[in-house]
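Visitor: need coordinates for the below:
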Amino acid sequence: MATFMRALARQGRTLSLVRLRHPKVQQSACLISTSKKNKDISTTVEPMEKSEELKRLEKHFADTSPASEKNWISHGWEPTDPELDWFVHKITMFMTITLCICWGGFILAYQPDHRYLSWSTREAFLELERREKEGLPLIDPELIDKESVIASLPSDEELGDTDIII
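Guide: This next block holds a predicted model:
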């Protein structure tokens with residue numbers, strides 16, 4: 001079966017099935033010439049004289065040493081002094097990357113639990129497990145003694161016409 005499909009695919013390329021399906025659509029072709037190119041051109045090129053501006057620019061760009069003063073590119077901290085600019089750039093990068101990002105991330109990742117969030121969650125789960133084992137309700141309705149709450153509430157005579165919003 002694979003041999004038959006391979007043979008059919010080869011024939012499809014030669015028969016150009018596009019024309020069989022759509023007779024009005026013509027397949028595009030790329031015509032490439034493989035003849036030897038003739039490079040025998042009989043023109044002469046005369047050298048031009050260099051202008052003063054071209055000579056000045058060639059002299060200006062002849063020095064490509066990065067250590068020279070005119071080839072210095074500022075880091076953006078100090079536009080006139082290369083040494084101070086380099087120093088401020090290095091100090092700023094050290095402070096930003098090493099101290100702030102690296103050590104700051106380390107401190108944030110390993111700081112203690114100041115609000116005791118993980119401790120209180122762990123204690124709550126332990127208390128729930130203890131109450132389930134003892135068969136007690138998970139939340140005790142008598143958590144606070146009724147007498148202590150009732151003793152601090154005002155009486156109806158003390159409230160009078162005061163609106164109570166619950």
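Visitor: give the next helix or strand downstream of the worst-scoring helix or strand of the chain on mean pLDDT.
Guide: Sorted by mean pLDDT, DSSP states H and E, the helices and strands of the chain end with helix 17-21, the least confident at a mean of 51. Elements were assigned by DSSP states H and E; along the chain past helix 17-21, the next helix or strand is helix 52-62.
Visitor: quick one: mean pLDDT for whatever helix or strand comes next after that following helix?
Guide: Next along the chain after helix 52-62, taking DSSP H and E as the criterion, comes helix 82-93. Summarised as a single mean, pLDDT over helix 82-93 is 94.
Visitor: who are the packing partners of helix 82-93?
Guide: For helix 82-93, not one helix or strand is in contact under the criterion 3 or more CB pairs under 8 Å, 6 or more residues apart in numbering; DSSP states H and E. C-beta: built from backbone N, CA, C; applies to glycine.
Visitor: list the contacts of that helix.
Guide: By CB atoms under 8 Å, 6 or more residues apart in numbering, the list of residues contacting helix 82-93 from outside reads Glu69, Trp72, Ser74, His75, Gly76, Trp77, Glu78, Pro79.
Visitor: hmm, try it at 7 Å
Guide: Residues lying outside helix 82-93 but in contact with it, judged by CB atoms under 7 Å, 6 or more residues apart in numbering, are Trp72, Ser74, His75, Trp77, Glu78.
Visitor: and the end-to-end length of stretch 80-99?
Guide: With CA to CA, to the nearest Å as the measure, stretch 80-99 spans 28 Å from end to end.
Visitor: helix, strand, or coil at Ile144?
Guide: Assigned state for Ile144: coil (three-state reduction, DSSP: H, G, I helix; E, B strand; the rest coil).
Visitor: what's around it, how many residues?
Guide: For Ile144, the count of nearby residues is 9 (other CB atoms under 10 Å).
Visitor: how about Ile139?
Guide: Residues within reach of Ile139, counting by other CB under 10 Å, total 8.
Visitor: how about the one 4 residues further on?
Guide: Other residues within reach of Leu143, judged by other CB under 10 Å, total 6.
Visitor: which residues touch it?
Guide: With contact taken as CB under 7 Å, 6+ apart, Leu143 is in contact with no other residue.
Visitor: which pLDDT value belongs to it?
Guide: On the pLDDT scale, Leu143 is placed at 80.
Visitor: separation between Gly105 and Gln111?
Guide: Noted for Gly105: a distance of 11 Å to Gln111, by CB to CB, to the nearest Å.
Visitor: can you check Glu157 too?
Guide: Glu157 sits at a distance of 55 Å from Gln111 (criterion: CB to CB).
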